[in-house]
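K.L.:
could you work out the structure for the sequence below:
(one chain, ligands or ions: 1)
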Amino acid sequence: MKTQFICEKCGKTYATAEDAKECEANHGVLIEAHPMPGASYHHGFVYPELVYARFRNEKGEETAAEYKFFSRKDNDFSVVKKERGCNE
Ligand SMILES: [Zn+2]
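P.N.:
Next comes the predicted model:
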């Protein structure tokens, strides 16, 4: 039997724990998120159309992005994750 190590963030499998940890260190975590002020909100709607987000990985590398609204039928994250096939 061969032991495999899995990156907990992207699910890729590796032969060594070091490689899996290195993969995990490459993926950033969300450190900041804000609805974009102004036209991002439409009158009478609960959600903003655009969200600014910033990420940082374990190596200290950062990147930022703008996310556009994409509706999910269910607003419970545990249900949405299941629908998306996430195994957590
Ligand atoms: Zn990974």
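K.L.:
let me know the average pLDDT across the longest helix seen in the chain.
P.N.:
Looking across the chain with DSSP state H, the single longest helix is helix 17-26. The average pLDDT within helix 17-26 is 97.
K.L.:
quickly check: that helix near the ion or not.
P.N.:
Yes. Between helix 17-26 and the ion, judged by Cβ under 5 Å from the ion, the touching residues are C23. Every residue, glycine included, has its C-beta placed from N, CA and C.
K.L.:
need the contact partners of that helix.
P.N.:
5-10, 12-14, 57-59 (Cβ atoms under 8 Å, 6 or more residues apart in numbering).
K.L.:
neighbours around the residue nearest to A39 when sequence neighbours are not counted, how many?
P.N.:
The shortest distance from A39 to any non-neighbouring residue, by Cβ to Cβ, 6 or more residues apart in numbering, is to E49 (7.7 Å). Using other Cβ atoms under 10 Å, the number of residues around E49 comes to 14.
K.L.:
my read: E49 touches Y41, true?
P.N.:
Yes. Under the criterion of Cβ atoms under 8 Å, E49 makes contact with Y41 at 7.4 Å.
K.L.:
if we can go back for a sec, ok, which pair from the contacts of helix 17-26 is furthest apart?
P.N.:
T13 and K59 (21.7 Å; Cβ to Cβ).
K.L.:
enumerate the residues of the protein near the ion.
P.N.:
Within the chain, the positions lying close to the ion (Cβ under 5 Å from the ion) are 7, 9-10, 23.
K.L.:
how far away is the nearest residue to K12 once chain neighbours are set aside from I6?
P.N.:
Using Cβ to Cβ, 6+ apart and skipping the chain neighbours, the partner closest in space to K12 is C23 (5.9 Å). C23 is 9 Å from I6, where distance means Cβ to Cβ, to the nearest Å.
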